[in-house]
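Visitor: sharing a model that was predicted from the sequence below.
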Amino acid sequence: MVAGLVASMVVPKLMPGVSAIYAFPAILAASLAGCVGGTLATPPDDDEVLEQFYLKTRPWGFWGPVHERLARKHPGLEPNRGFGRDATNVVVGVVWQTALVASEILLVLQEYAAFAAAVATVLVTSAVLKVNWFDKLQDYPADLAAAPSGRRAEASPERPAAALDAPRPAPGRPAPAGAPSRA
């Protein structure tokens, strides 16, 4: 981040006759070099931190070694196979965010037809994200009933074993009728 900030201040001074839009690739390259350099210059995170993160979020990408270690501890652990859905949601989310910001600007500029189009875009993309993202959120994946600490929760009179193994609803969604309470 520091490399990008410094580059954004230095590159325009090194290239005074060049428009900022044409200087952007040099700033981006300096930022990328700073990110890679900072990553290689710092120690990696502890395995425990990586494992807890993986258990809770199931990121896609280059997590094979972490998944293999955890699969030995937790047989049946499933990787995230939703890359296509997640990538689609990122694209839809960028359109949603852009339309949300543009709608306010268009309202101030009194461009009512464009404002209506931006609001319609926000409504449509919100519906898509509701169905394709929010409704599919999982508190903890069904293949591993984990406590917030990452360790399996213990049954107690207040929390019977059946409540620990039941799938959890997505955050903000009501539990299905007859589902055990998680309180």
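Guide: Arrived safely. Numbering: from 1, shown residues only.
Visitor: C-alpha from now on. contacts and neighbour counts both.
Guide: OK.
Visitor: which other helices and strands contact the longest helix seen in the chain?
Guide: Counting by DSSP state H, the longest helix found in the chain is helix 83-108. Contact analysis of helix 83-108 by 3 or more Cα pairs under 8 Å, 6 or more residues apart in numbering; DSSP states H and E lists helix 112-132 as its packing neighbours.
Visitor: which other residues reach the helix it packs on?
Guide: Residues from elsewhere that reach helix 112-132, judged by Cα atoms under 8 Å, 6 or more residues apart in numbering: 85, 89, 92-93, 95-97, 99-100, 102-104, 106-107.
Visitor: need the mean per-residue confidence for the longest helix of the chain.
Guide: Helix 83-108 shows a mean pLDDT of 97.
Visitor: ok, stretch 115-129 next?
Guide: 98.
Visitor: one more: stretch 61-69?
Guide: Averaged across stretch 61-69, pLDDT comes to 91.
Visitor: now do it: distance to the chain's middle.
Guide: Relative to its parent chain, stretch 61-69 has a centroid offset of 18 Å by Cα atoms, centre = their mean, to the nearest Å.
Visitor: in it, which residues are buried?
Guide: Residues of stretch 61-69 classed as buried by neighbour count (16 or more other Cα atoms under 10 Å): V66, H67.
Visitor: biggest separation within the contacts of helix 112-132, which pair?
Guide: Farthest apart among those by Cα to Cα are R85 and L107. That separation is 32.4 Å.
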